[in-house]
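Undergrad: Provide a 3D model corresponding to the input given below.
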Amino acid sequence: MKGFERQDLLFSLCGLNCGLCPMQWDGHCPGCGGGAGNQSCKIARCALEHGGPAYCFQCGDYPCGRLCCGDYDSFITHQRRQADLERARLLGPEACRAGVPERREILGFLLKHCNDGRRKTLFFLAANLLELPVLERIRARAEAMADRSLKERTAAVSGELLAAAGEAGVTLKLRRKPKTPPPEA
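TA: As a prediction, the model looks like this:
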């Protein structure tokens, strides 16, 4: 979108954690306002129409209905978006970026050493939703399993992430919008 650029490419305008997004990680999206990749973003268009706030919470119309995404995720979880925006409003955007480098490092380790090719979404969700000390603890346990097979490490780490999520009341599964059945003829 012409005219929409941002300095903060890790924490989006609408509160998504771009620094822990699989699309950005894989190089398919530069982050909110980082160039090509966000061309059809309705929130970015709205920001331009409202004077270009860096974050939605800085807009005079915040909170508004455009931020509401229901109970569904896209390729990144939206579960903490509203809470992260509110945290950024109260404490500043740097509060939402705190810990992201550590989370990215743990995520990189999990993807490289504990992914059997079927756990990528689980690891991205865990990096977004679990507390940093929990992620650090699980990574340390994974490092201690260096002599075990990839299959064993994957199963053990996945089990620990799911158990930690259960204790925290978090679901490590993307919430997809149900497909609407075709109208009856």
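Undergrad: name the helices or strands packed onto the helix or strand of the chain with the lowest mean pLDDT?
TA: For the chain, the helix or strand with the lowest mean confidence is helix 93-97, at a mean of 82 (criterion: mean pLDDT, DSSP states H and E). Applying 3 or more Cβ pairs under 8 Å, 6 or more residues apart in numbering; DSSP states H and E, one finds that helix 93-97 contacts helix 81-91. C-beta: built from backbone N, CA, C; applies to glycine.
Undergrad: what mean pLDDT does the helix it packs on get?
TA: Averaged across helix 81-91, pLDDT comes to 87.
Undergrad: ok, residue 85 - contacts?
TA: With contact set as Cβ atoms under 8 Å, 6 or more residues apart in numbering, residue 85 has these partners: 14, 15, 55, 56, 57, 67.
Undergrad: among the residues you listed, which two are most distant?
TA: 55 and 67 (11.0 Å; Cβ to Cβ).
Undergrad: neighbour count for the two, which is higher?
TA: residue 55 (22 against 19; other Cβ atoms under 10 Å).
Undergrad: how about residues contacting the biggest helix by length in the chain?
TA: Using DSSP state H, we find that the single longest helix of the chain is helix 150-168. Contacts of helix 150-168 with the rest of the structure, by Cβ under 8 Å, 6+ apart, involve 110, 113-116, 119, 122-123, 126, 129-131, 134, 138, 141-142, 145, 148, 171-172.
Undergrad: now a PyMOL select for only the buried ones of the residues you listed.
TA: Only the buried entries of those go into this PyMOL selection, using 16 or more other Cβ atoms under 10 Å:
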select buried, resi 110+113+114+115+119+122+123+126+129+130+134+138+142+145+172
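Undergrad: what is in contact with residue 55 and residue 67 at once?
TA: Common contacts of residue 55 and residue 67, defined by Cβ under 8 Å, 6+ apart, comprise 15, 85.
Undergrad: for residue 120, see how far away the closest residue to residue 8 other than its chain neighbours is.
TA: Spatial nearest neighbour of residue 8, excluding adjacent residues (Cβ to Cβ, 6 or more residues apart in numbering): residue 93 at 6.2 Å. Residue 93 sits at a distance of 27 Å from residue 120 (criterion: Cβ to Cβ, to the nearest Å).
Undergrad: show me which of the two is the more surrounded one.
TA: Shown here are residue 93 and residue 120; by other Cβ under 10 Å, residue 93 has more neighbours (20 against 16).
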